[in-house]
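> Test case, fold it:
(chains A, B, C and D)
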Number of protein chains: 2
Amino acid sequence: MAGGTILLVEDEKNLRKLIKTYLEREMINVMEAADGREALELWDTDKYDLVILDVMLPEYDGWTVCKRIRRDSYVPIIMLTARGEEEDKLFGFDLGVDDYVTKPFSVKELVARVKALLKRSNHQLLTEVIEVGDLKIDKKMHQAFLDGKPIDLTPKEYDLLLVFLHNQNQALTREIILDNVWGYDYYGDLRTVDTHVKRLMKKLKRMGKQIITVRGLGYRFEVTN
Amino acid sequence: MAGGTILLVEDEKNLRKLIKTYLEREMINVMEAADGREALELWDTDKYDLVILDVMLPEYDGWTVCKRIRRDSYVPIIMLTARGEEEDKLFGFDLGVDDYVTKPFSVKELVARVKALLKRSNHQLLTEVIEVGDLKIDKKMHQAFLDGKPIDLTPKEYDLLLVFLHNQNQALTREIILDNVWGYDYYGDLRTVDTHVKRLMKKLKRMGKQIITVRGLGYRFEVTN
DNA sequence: ATATAATGACACAAAATCGTCACATTTTTG
DNA sequence: CAAAAATGTGACGATTTTGTGTCATTATAT
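Numbers count the residues shown, from 1 in each chain, chains lettered A, B, ... in the order given. Okay, the predicted model is just below:
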């Protein structure tokens, strides 16, 4: 696969260039930002498949940037931290940071992790069939099934269901749903989400109960493992 | 936070430099203040991940500085006290001091405590799942559990519980709770906090007993480690 | 071109949540 | 001990949030 595009946010120029070089050897496009502000500007203007974020940054620190990005998207994020403590990594799965790399690190290792994450998310996106209970969605066919029988979903309903299935058990705000189903540039009533959720729930019959409203926030597709 | 930045307030220059040296070996940034006034000036102009405060200070004493800082933030605070000030200690816990170190102390020990606190506060904010006894809160799901069963919390109750769990064993004033749950701009009756605490306590069943009222101050979520 | 389906927005209904108050209870103070 | 202060508590109206049906508009299929 042609590696996709990465947003690399690191203020130390030498390190940034080094990482960039290594990544480009893997056929991965790299956009560079030297501080938090620049990072967010780039983020707002283009789409990325992964973000590498130094924690210590001028302008806005890495956490701030991370939080901001997470408002829009679940793009994989790798954090570069300077503290050399194992335990920090243990609790790595925080606001949705996907991986941590502690400085000093080998660039090779970083690249390996990038590739792993890209593959994972690609894989996730390319997985053809997702099954939850008696609900199945076949992306290649672009068709959902309940108890093996096809459900007739409109395009929006289908996309909405896909977003839910890609983010199981995760509370999703109406904004995020809107961004993911209608696109980032769409400018519309948030409550439209409600209407479509309602329609989807109805068509999903008993599986519609899996869509939980999270009051004051949005919705969540709940699966009991 | 890569190493983090600390505000070190100590009037004895030699001791201050010594502590600074040790901390910097751990990749921790240190800003120095020699008296209370300077401390507050630095506090107002920059962000810190932790504060070390000598109790006995020129200009403003440590308690005054502490109180002032607590008006703005829950940043971890370590107090340096002279031996035999038991009353001061009690007083201090109400002010939300996170740790005490009694002079004379080994700088090594102080550094260890600093690292412990930094680690704790970092994790608390970023950890996805917080567990205390049989109580669990999953931020990604936006859902609390008791004995593995979901608890139905209203948005305010949820936020309130989150504030308590992020500040375990720390007495929180109603003002601070109001600021954190309702937002800094909110104008309302302080007693509203009481009502919501009551409701939360009820829903938390036996774990509600962990919320202790601190008379004349506010509340504290107590956890026995 | 016409019929059919999908969409997005809205208004109103329903439900949940909120904030405040009055009064009860507890603790502190003098 | 009585008075004062602080906190606990239940209730209720106001407000906010969400559910739902409908409708005009747009897109799609025949």
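> any idea how far A:Cys66 lies from A:Leu190?
24 Å (C-beta to C-beta, to the nearest Å). (C-beta placed from N, C-alpha, C; glycine too.)
> Neighbour count for these two, which is higher?
Between A:Cys66 and A:Leu190, counting by other C-beta atoms under 10 Å in any protein chain shown, A:Cys66 is the more crowded of the two (24 against 12).
> For the nearest residue to A:Asp134 once chain neighbours are set aside, give me phi and psi.
Leaving aside its sequence neighbours, A:Asp134 sits nearest to A:Asp147 (C-beta to C-beta, 6 or more residues apart in numbering or on different chains; 5.0 Å). Note on A:Asp147: backbone dihedrals following degrees, to the nearest 10 are phi 50, psi 40.
> ok, now how distant is the closest residue to DNA strand C within chain A from A:Val163?
Nearest residue of chain A to DNA strand C: A:Thr154, at 2.7 Å (C-beta to the nearest atom of the strand). Computed as C-beta to C-beta, the A:Thr154 to A:Val163 distance reads 14 Å.
> more crowded one of the two?
A:Val163 (18 against 12).
> Spell out, range by range, the helices that occur in chain A.
A:13-25, A:36-45, A:62-72, A:86-90, A:107-126, A:155-166, A:174-182, A:191-203 (DSSP state H).
> which parts of chain A sit against DNA strand C?
Within chain A, the positions near DNA strand C by C-beta under 7 Å from any atom of the strand are A:152, A:154-157, A:182, A:188-189, A:191-192, A:194-196, A:215-216.
> Tell me the residues of chain A that contact DNA strand D?
With the criterion set to C-beta under 7 Å from any atom of the strand, chain A comes near DNA strand D through A:191, A:194-195, A:197-198, A:201, A:213-218.
> any idea how far the residue nearest to the spatial centre of chain A lies from A:Phe145?
The residue lying closest to the centre of chain A (C-alpha atoms, centre = their mean) is A:Tyr74, at 1.8 Å. Distance of A:Tyr74 to A:Phe145, computed by C-beta to C-beta: 25 Å.
> Also A:Glu131?
For A:Glu131, the distance to A:Phe145 (C-beta to C-beta) stands at 9 Å.
> which residues touch stretch A:131-147?
Residues from elsewhere that reach stretch A:131-147, judged by C-beta atoms under 8 Å, 6 or more residues apart in numbering or on different chains: A:127-130, A:148, A:150-151, A:153, A:158, A:161-162, A:165, A:168, A:204-205, A:207, A:210, A:223.
> Any of the residues you listed buried? List them.
With burial judged by 16 or more other C-beta atoms under 10 Å in any protein chain shown, the buried subset of the contacts of stretch A:131-147 is A:130, A:151, A:153, A:158, A:161-162, A:165, A:204, A:207, A:210.
> Would you format these as TSV with pLDDT and distance to chain B included?
Formatted as TSV, the buried ones among the contacts of stretch A:131-147 follow (pLDDT from 0 to 100; distance: C-beta to the nearest C-beta, whole Å):
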residue	pLDDT	distance to chain B
A:Ile130	86	19
A:Ile151	95	26
A:Leu153	95	25
A:Tyr158	95	24
A:Leu161	96	19
A:Leu162	92	19
A:Leu165	91	16
A:Leu204	95	20
A:Met207	95	18
A:Gln210	96	13
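> Greatest separation within those: which pair is it?
Using C-beta to C-beta, the buried ones among the contacts of stretch A:131-147 span at most 16.2 Å, a distance reached by A:Tyr158 and A:Gln210.
> In the sheet, which residues pair with the residue in chain A that DNA strand D sits nearest to? Tell me.
With C-beta to the nearest atom of the strand as the measure, A:Thr213 is the residue of chain A nearest to DNA strand D, at 3.6 Å. Applying DSSP bridges to A:Thr213 gives these bridge partners: A:Tyr219.
> quick one: it and A:Leu172, what's the gap?
A:Thr213 is 11 Å from A:Leu172, where distance means C-beta to C-beta.
> Now do the spatially closest residue to A:Val181 that is not a sequence neighbour, the pLDDT please.
In space, and not counting its chain neighbours, A:Val181 is closest to A:Asp159: 4.6 Å by C-beta to C-beta, 6+ apart. At A:Asp159, the pLDDT value in this model is 93.
> What is the burial count for A:Asp159?
17.
> distance of it from B:Ile212?
For A:Asp159, the distance to B:Ile212 - C-beta to C-beta - is 48 Å.
> for A:Ala144, same thing?
A:Ala144 is 50 Å from B:Ile212, where distance means C-beta to C-beta.
> which one of the two has more residues nearby?
Between A:Ala144 and B:Ile212, counted using other C-beta under 10 Å, A:Ala144 has the larger neighbour count: 25 against 13.
> And the lowest mean pLDDT element among the helices and strands of chain A?
Least confident helix or strand of chain A, by mean pLDDT, DSSP states H and E, is helix A:86-90 with a mean of 33.
> list the contacts for the residue sitting furthest away from the middle of chain A?
Going by C-alpha atoms, centre = their mean, the residue of chain A most distant from its centre is A:Lys149, 30.3 Å out. Listed by C-beta under 8 Å, 6+ apart, A:Lys149 has no contact partners.
> Could you do the one 4 residues further on as well?
Residues counted as contacts of A:Leu153 (C-beta under 8 Å, 6+ apart) are A:144, A:161, A:200, A:203.
> Let me know the closest of the residues you listed to A:Arg113.
Using C-beta to C-beta, A:Leu161 comes nearest to A:Arg113 of the contacts of A:Leu153, at 31.0 Å.
> A:Glu131 and A:Phe145: who's more crowded?
A:Phe145 (16 against 11).
> tell me the pLDDT at the more buried one?
A:Phe145 carries a pLDDT score of 94 in this model.
> Check A:Arg71 too.
pLDDT recorded at A:Arg71 is 69.
> ditto for A:Val129
For A:Val129, the pLDDT comes out at 81.
> what are the bridge partners for it, then?
Beta-bridge partners, per DSSP bridges, of A:Val129: A:Asp138.
> Please name the residues that touch the residue of chain A closest to DNA strand C.
Taking C-beta under 8 Å, 6+ apart, we find A:Thr154 in contact with A:Arg199.
> Where does the prediction get shaky in chain A?
For chain A, residues meeting the criterion pLDDT under 70 lie at A:1-3, A:71-72, A:82-98, A:100-106, A:120-127, A:225.
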